[in-house]
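Peer 1: just need the structure, nothing else, for what follows:
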Amino acid sequence: QVQLVESGGGLVQAGGSLRLSCAASGGNFSNYGMGWFRQAPGKEREFVAAITWSVGRTAYANSVKGRFTIYRDSAKNTVYLQMNSLNVEDTAVYYCAATRKGGIWTLISSYEFWGQGTQVTVSS
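Peer 2: Numbers count the residues shown, from 1 in each chain. Presented below is the predicted three-dimensional model:
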């Protein structure tokens, strides 16, 4: 049973940084695709970033490109999202997702497993 547990959310001032973690267990993740999504109040869930576990290829939403970095630590079975230069528009619940399909996936429907989410609040 694949489990994803996010952590690292919190309250931060605009311009600040946070690092989110997604601890994965219950699967052989070497060929998985991993992603981060977010959902702001009253809005649909949207793609943020994705990474292939095998070779570490990455992709980002235009809104976070240059500010966020996704990377993984295979020894710890953990995927991270380093978020810099945060602004109030980044306020959302952030979700980690995994798919047994290799490659980069940006659609919600492409992912089979989801974490419970972690709240990120950016104050002005």
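Peer 1: Three-state assignment for the residue nearest in space to the middle of the chain, please.
Peer 2: Central residue of the chain (CA atoms, centre = their mean): residue 36, 2.4 Å from the mean position. Here residue 36 is strand, with the state taken from DSSP: H, G, I helix; E, B strand; the rest coil.
Peer 1: list phi and psi for the closest residue in space to residue 43 that isn't next to it in sequence.
Peer 2: In space, residue 43 comes closest to residue 92 once its chain neighbours are excluded; the distance is 7.9 Å by CB to CB, 6 or more residues apart in numbering. Where C-beta positions appear, they are placed from N, C-alpha and C, glycine not excepted. The phi and psi values for residue 92, taken as degrees, to the nearest 10, are phi -180, psi 170.
Peer 1: thinking again about what came up before, how about the residue nearest to the centre of the chain, what does it touch?
Peer 2: Listed by CB atoms under 8 Å, 6 or more residues apart in numbering, the contact partners of residue 36 are 20, 22, 48, 49, 50, 70, 79, 81, 94, 95, 96, 97.
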